[in-house]
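Colleague: Generate coordinates for the sequence data below:
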Amino acid sequence: MANPTPPTPTSTPGAPTSTLGAIQVKVRRLTRSPSTLQLTDDDLNNYINTFVVYDFPEILRTFNLKTTFSFYTNPGQDVYNTDIASFAGATTNLLYNFQNLYMTIHPPIFIAGYQSFFSQSREQFYGIYPLVNSISSIGFTGDGVTTTFTGVVNTQQTTIPAGLTQLIGLLQNNVLFDSVGVNGEGLALVDVPVVDPVTGNKTINGNLYDPNSAAYQAAKQTPPIALNDPLLPGSGNINYLTGQFTITFVAAPASAAPINSQTVPQILSIPQAVLFYGNQFVIRPVPDQPYQVNFEVFQRPAALLSAGQSPELEEYWQYIAYGAAMKIFQDRMDLDSVALIQPEFDRQERMCLRRTLVQLSNQRTSTIYTEQTGLTSGGFGFGYGGGQF
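Modeller: Residues are numbered from 1 along each chain as shown. Below you'll find the predicted structure:
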């Protein structure tokens, strides 16, 4: 009778481990807390993951944390939020909670495969793409009684070369209807785009609100997902693509008082520039269709949630253990123990950084000469973008 095949071992005996379980054991040994009565598992995991998620990436921006990220533009939408509340519950949107999942973004920026202009300065960006309001009458004047008006904003004020057809829209979050009331008070309605709760994208419609109302403040915090009733006082709606509007002021404009719209008409086309400011991406020109926007990011490390889970790089486990132990000692006000493990913490930090330093040393600083690629002939390199010898 043949001997049975022995089972395949799940791990090599004696091999080092780098899992959350190993980190927990190491931290308990360092902090002299072997019992859960001294340090509960929940508190221990909280210390470990606080260091992993928040401290680690701010101390070390290692090479393996850098990756690429892509999102897709939405026709007529120029501002792309990166928080949670702005997506009306659409957690599948690629930019949902981006500001917490990724730490920093870096050029180059590519839109539809083309390297594009990137700025973090509002002065620079809007110097190139100015936000200049087009102020015009809506075709009505006040009579001291009427509060509701319907019409179309003239979006054709943007100059278009003869013979060309261009799609023109109104810039979202930049629509204002204004007049003067019978007592000389200002009347105003401003827009907030309606968000599709399925995709999290802004639609071609916006709601209008009295800027001094609680409804406006609520809409800024939690974007609307449906058109409001435009006949209610201090309400209205606007179609950013057609310019069609219905507005109802909180009070009637005075007799013969002009009623104006203030908008920023934009020609929709393929974007060429990105502004990143206030945790928002601003795209110019405003896109006429979906385009891929691609750039580099430093991502936040993933929390360790199961005993068998390891960090992104297994070599980080001891560094994480020392970092978590230091946080425990700090909360205990045991500064002598902090000082005792500080040298080893620093050594582990240098070891974790070594891979990144060696990786980056493979590439010299870019110049106009190093960026040329081409054929080699007779010992001389001829870059495709270079001149002739």
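Colleague: Skipping its backbone neighbours, what lies nearest residue 100 in space?
Modeller: Excluding its sequence neighbours, the residue lying closest to residue 100 (C-beta to C-beta, 6 or more residues apart in numbering) is residue 300, at 7.1 Å. Yep, even glycine has a C-beta here, placed from its N, CA and C like the rest.
Colleague: And residue 148, by the same measure?
Modeller: Distances taken as C-beta to C-beta, 6+ apart put residue 248 closest to residue 148, at 4.5 Å, once the chain neighbours are dropped.
Colleague: That neighbour pairs with what?
Modeller: Listed beta-bridge partners, residue 248: residue 148, residue 235 (assigned using DSSP bridges).
Colleague: who touches it in this structure?
Modeller: Under the criterion of C-beta atoms under 8 Å, 6 or more residues apart in numbering, the neighbours of residue 248 are 147, 148, 149, 230, 231, 232, 233, 234, 235, 236.
Colleague: can we see that at 7 Å?
Modeller: With contact taken as C-beta atoms under 7 Å, 6 or more residues apart in numbering, residue 248 is in contact with 147, 148, 230, 231, 232, 233, 235, 236.
Colleague: Kindly report the same for residue 249.
Modeller: Contacts for residue 249 (C-beta under 7 Å, 6+ apart) come out as 147, 179, 187, 189.
Colleague: Please pull out the lowest mean pLDDT helix or strand from the chain.
Modeller: Lowest by mean pLDDT, DSSP states H and E among the helices and strands of the chain is strand 380-383, with a mean of 41.
Colleague: And for residue 335, the neighbour number?
Modeller: Using other C-beta atoms under 10 Å, residue 335 has 10 neighbouring residues.
Colleague: nearest residue to it other than its sequence neighbours?
Modeller: residue 329 (7.3 Å).
Colleague: Is that neighbour in contact with residue 340, as I believe?
Modeller: No: look at residue 329 against residue 340 with C-beta atoms under 7 Å: they stay out of range, at 8.9 Å.
Colleague: out of the two, which sits in the more crowded spot?
Modeller: Between residue 329 and residue 340, counted using other C-beta under 10 Å, residue 329 has the larger neighbour count: 19 against 12.
Colleague: Just the element for the more buried one, please.
Modeller: Taking DSSP states H and E as the criterion, residue 329 maps to helix 317-331.
Colleague: Which SSE is immediately downstream of that helix?
Modeller: helix 335-360.
Colleague: and that next one with helix 317-331, angle?
Modeller: With axes from the mean of the first three to the mean of the last three C-alpha atoms, to 10 degrees defining the directions, helix 335-360 sits at 150 degrees from helix 317-331.
Colleague: dump the residue contacts of residue 181.
Modeller: By C-beta under 7 Å, 6+ apart, the contact set of residue 181 is 187, 251, 252, 253, 254.
Colleague: Ignore what I typed, I meant residue 101.
Modeller: Residue 101 neighbours (C-beta under 7 Å, 6+ apart): 299, 300.
Colleague: hmm, back to that, ok, and the most crowded of the contacts of residue 249?
Modeller: Among the contacts of residue 249, residue 189 has the most neighbours (other C-beta under 10 Å), with 28 neighbours.
Colleague: Spell out the secondary structure type for that residue.
Modeller: Using DSSP: H, G, I helix; E, B strand; the rest coil, the structure places residue 189 in strand.
Colleague: Please apply the same query to residue 230.
Modeller: Under three-state DSSP, residue 230 falls in the coil class.
Colleague: for the nearest residue to it once chain neighbours are set aside, what are its contacts?
Modeller: Of all residues not flanking residue 230 in the chain, residue 246 sits nearest, at 3.8 Å (C-beta to C-beta, 6+ apart). Neighbouring residues of residue 246 by C-beta under 7 Å, 6+ apart: 150, 230, 236, 237.
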